[in-house]
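Undergrad: A predicted structure for the sequence below; I have some questions about it.
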Amino acid sequence: MVVKLPLKRNVRILLVGDRGVGKTSLILSLVSEEFPETVPAKAEEITIPADVTPEQVPTNIVDYSTIEQTDDQLNDQIKRASVICVVYAVDNDDSLDRVSTYWLPLIRQHHPDYTCPVVLVGNKIDLVDYSTIEGVYALMEDYAEIETCIECSAKTLKNISEMFYYAQKAVLHPTGPLYNVEKAD
Ligand code: GTP
């Protein structure tokens with residue numbers, strides 16, 4: 001017997017996170033392969049054709065702007081996303097605290113069954129000489145939807161293409177639980 005699994009037709013990557021953590025810069029650095037010195041409030045939605053993505057799947061990248069968008073627009077984008085990159089700045093503890101106090105609970109409201117994987121992205125590693133990854137591992141234990149975490153820099157381009165690859169991979173080859181033990185009877 002041949003089991004046919006539904007194929008993902010495209011991957012929709014949404015970037016969220018506090019103001020100024022570098023969401024728009026990350027997208028523009030990926031696309032132009034250089035750090036933008038001036039950044040608009042929000043990047044236009046970008047469509048990357050299948051043949052130039054590592055997984056050969058058309059991929060949309062969607063920015064979120066705290067100043068340009070309403071809560072309703074944010075909620076709508078969260079519902080439509082196939083994977084969400086929650087970005088914090090490694091030099092800003094508040095932006096990391098808000099990952100667990102605001103962003104992850106908000107995403108859970110819209111995807112209560114953990115169907116939308118999350119990639120945690122610590123940006124601006126060019127500014128510090130330490131890593132935040134240890135603290136983030138603790139978060140991964142509490143939030144099963146966090147597929148992976150990565151530290152990067154939009155400025156030096158370190159780990160930028162890897163970050164978007166991880167996001168794509170989180171949708172196409174999830175390692176997270178297909179079955180939530182806590183919710184099981
Ligand atoms: P909002 O749209 O206001 O939510 O901000 P954002 O998250 O899109 O951040 P944005 O890309 O506008 O960047 C905010 C500031 O951080 C800008 O001055 C960027 O130049 C700077 N920035 C972004 N990424 C990096 C980085 O990797 N390293 C350094 N040093 N600065 C960065």
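TA: All right, it came through fine. A quick note: this is a predicted structure, and the numbers were derived from the prediction, not measured.
Undergrad: Could you look up the SS state of residue 60?
TA: Secondary structure, DSSP: H, G, I helix; E, B strand; the rest coil: residue 60 is strand.
Undergrad: Just the pLDDT at it, thanks.
TA: What the model reports for residue 60 is a pLDDT of 97.
Undergrad: can you check the one 10 residues further on too?
TA: Confidence per residue is given as pLDDT, and for residue 70 that number is 95.
Undergrad: Could I get the phi/psi values of it?
TA: phi -90, psi 170 (degrees, to the nearest 10).
Undergrad: Can you give the contact residues for stretch 124-134?
TA: 21-22, 88-92, 96, 122, 149, 151-156, 158 (C-beta atoms under 8 Å, 6 or more residues apart in numbering). C-beta here means a position set from N, CA and C on the backbone, and glycine is covered the same way.
Undergrad: CA atoms of it as CSV?
TA: Taking Å, rounded to 0.1, in the frame of the first residue of the first chain, the C-alpha atoms of stretch 124-134 are listed here in CSV:
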residue,chain,number,x,y,z
LYS,A,124,22.8,41.3,17.0
ILE,A,125,25.5,38.9,18.2
ASP,A,126,28.1,41.3,16.8
LEU,A,127,27.4,43.5,19.8
VAL,A,128,28.1,41.1,22.6
ASP,A,129,30.8,38.6,23.6
TYR,A,130,28.5,36.1,25.3
SER,A,131,25.7,33.7,24.2
THR,A,132,22.1,33.6,25.3
ILE,A,133,21.5,30.1,24.1
GLU,A,134,21.7,28.4,27.5
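Undergrad: buried set for the helix or strand bottoming out on mean pLDDT in the chain?
TA: Least confident element among the helices and strands of the chain, by mean pLDDT, DSSP states H and E: helix 133-142 (a mean of 90). For helix 133-142, the neighbour count (16 or more other C-beta atoms under 10 Å) marks 136, 139 as buried.
Undergrad: cool, and stretch 145-158?
TA: Here stretch 145-158 shows 145, 146, 147, 148, 149, 150, 151, 152, 153, 154, 155, 157 as buried, counting by 16+ other C-beta under 10 Å.
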